[in-house]
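S.K.: Here you go, sequence then predicted model.
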Amino acid sequence: MTDKRDAKPADPMAGIHWDLDKSISYSQYLQLDKVLDAQRPLSGQHDEMLFIVMHQASELWMMLCLHELGATRAQICANDLEPAFKMLARVARIQTQLNQSWDVLSTMTPADYTKFRDSLGQSSGFQSWQYRLLEFVLGNKEPRLIEVHARDRQAYSLLKRELASPSLYDESIRLLARRGFDIPAECTERDWTQPYRPHPAVEAAWLAVYRDSTGHWDLYELAEKLVDLEYQLQQWRFAHLKTVERIIGFKRGTGGSSGVGYLEHVLKKGFFPELISLRTSI
């Protein structure tokens, strides 16, 4: 007779067939042969490798941000906010990683960069379709900017679709309307291709949430997660600006942008305006 104290607990996964290749290696799973073969410096200059790796890593982090924010928006649409909180917190922490990447790049001096800058040709971070997609998801819509990506059919299609979709903040405002707040139709059904414009009714709704945070706890937490995300994004923008300023001064960007001037312009654009402005009234 078996002593029950010695019996092993039932395996909850027993009977499930795993159709996996048990011989798969770490390198194969991560496809490191492709990842680590994607660095192709053109100049032969030492610091070009730093430039390439930093920007490739940033694109990978942005890919994860888009993955998380797409799922966040779906949860908000489904009125299921708790899973969204972890996703938003994760994106904010990813932004911390992105912010720190500028610290690494800033170890490159102007002289170091000048040695390989011509190798970049007309390529520029301005051409990052993932960054543009990220801005669109968050609500910074500028229809004319997708034309830079017209030659990349897949990226262009994704950007056009996102341009015509409600942003993360648009869906948050629609959620306020579904919860009974007095949000006008011009805020919940509008031309999504256009940038969001602040509205007094939206600020009043968020202010009511903040004044009764206990009664509207999930909305209050959503708002604070969005504010944290905006803070981290603005930190990234500022660090970008100061790094560019430190390395190339006020020269034009390689892709023809105004460089620091453009980055200063972008820094003034917020994502969730009423969540900032309401603080004056609390």
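M.R.: Received it, and whenever you're ready, just let me know what you need.

S.K.: what sits against Y156?
M.R.: 146, 149-150 (Cβ atoms under 8 Å, 6 or more residues apart in numbering). Glycine gets a C-beta too; all of them are placed from N, C-alpha and C.

S.K.: Relative to T109, which of those is nearest.
M.R.: Of all those, H149 has the smallest distance to T109: 31.9 Å, by Cβ to Cβ.

S.K.: I'd like to know how many residues surround the closest one.
M.R.: Residues contacting H149 under the criterion other Cβ atoms under 10 Å number 20.

S.K.: repeat for L134
M.R.: Around L134 there are 19 other residues, counting by other Cβ under 10 Å.

S.K.: Look at it and report its pLDDT.
M.R.: L134 is assigned 96 on the pLDDT scale.

S.K.: Would you check that it makes contact with L69?
M.R.: Yes. At 7.5 Å, L134 and L69 qualify as touching, with contact defined as Cβ atoms under 8 Å.

S.K.: What residues does the closest residue to R174 other than its chain neighbours make contact with?
M.R.: Closest residue in space to R174, ignoring its immediate chain neighbours: T188 at 5.0 Å, by Cβ to Cβ, 6 or more residues apart in numbering. Taking Cβ under 8 Å, 6+ apart, we find T188 in contact with 173-174, 177.

S.K.: Need the pLDDT of the closest residue to S106 other than its chain neighbours.
M.R.: Excluding the flanking residues, the one nearest S106 by Cβ to Cβ, 6+ apart is T243, at 5.2 Å. You'll see T243 listed with a pLDDT of 85.

S.K.: any idea how far the worst-scoring helix or strand of the chain on mean pLDDT is from the chain center?
M.R.: None of the helices or strands of the chain scores lower by mean pLDDT, DSSP states H and E than helix 260-267, at a mean of 74. In terms of Cα atoms, centre = their mean, to the nearest Å, the centre of helix 260-267 is found 18 Å from the chain centre.

S.K.: Stretch 146-166 too?
M.R.: How far stretch 146-166 lies from its chain's middle: 16 Å, per Cα atoms, centre = their mean.

S.K.: again with stretch 203-214
M.R.: Distance, centroid of stretch 203-214 to centroid of chain: 26 Å (Cα atoms, centre = their mean).

S.K.: for stretch 42-59, same thing?
M.R.: Counting by Cα atoms, centre = their mean, stretch 42-59 is centred 22 Å from the centre of its parent chain.

S.K.: Export only the CA atoms of that stretch, formatted as PDB.
M.R.: The C-alpha coordinates for stretch 42-59 follow below in PDB (Å, rounded to 0.1, in the frame of the first residue of the first chain):
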ATOM      1  CA  LEU A  42      30.900  49.600 -44.400                       C
ATOM      2  CA  SER A  43      33.700  51.900 -43.400                       C
ATOM      3  CA  GLY A  44      36.200  49.700 -41.500                       C
ATOM      4  CA  GLN A  45      36.100  52.200 -38.700                       C
ATOM      5  CA  HIS A  46      36.000  50.800 -35.200                       C
ATOM      6  CA  ASP A  47      33.000  52.800 -33.900                       C
ATOM      7  CA  GLU A  48      30.700  51.900 -36.700                       C
ATOM      8  CA  MET A  49      29.900  48.600 -35.000                       C
ATOM      9  CA  LEU A  50      28.700  50.500 -31.900                       C
ATOM     10  CA  PHE A  51      26.400  52.600 -34.100                       C
ATOM     11  CA  ILE A  52      24.900  49.600 -35.900                       C
ATOM     12  CA  VAL A  53      24.400  47.400 -32.800                       C
ATOM     13  CA  MET A  54      22.800  50.200 -30.800                       C
ATOM     14  CA  HIS A  55      20.300  51.000 -33.500                       C
ATOM     15  CA  GLN A  56      19.500  47.300 -34.300                       C
ATOM     16  CA  ALA A  57      18.900  46.700 -30.500                       C
ATOM     17  CA  SER A  58      16.700  49.700 -30.400                       C
ATOM     18  CA  GLU A  59      14.600  48.400 -33.300                       C
END
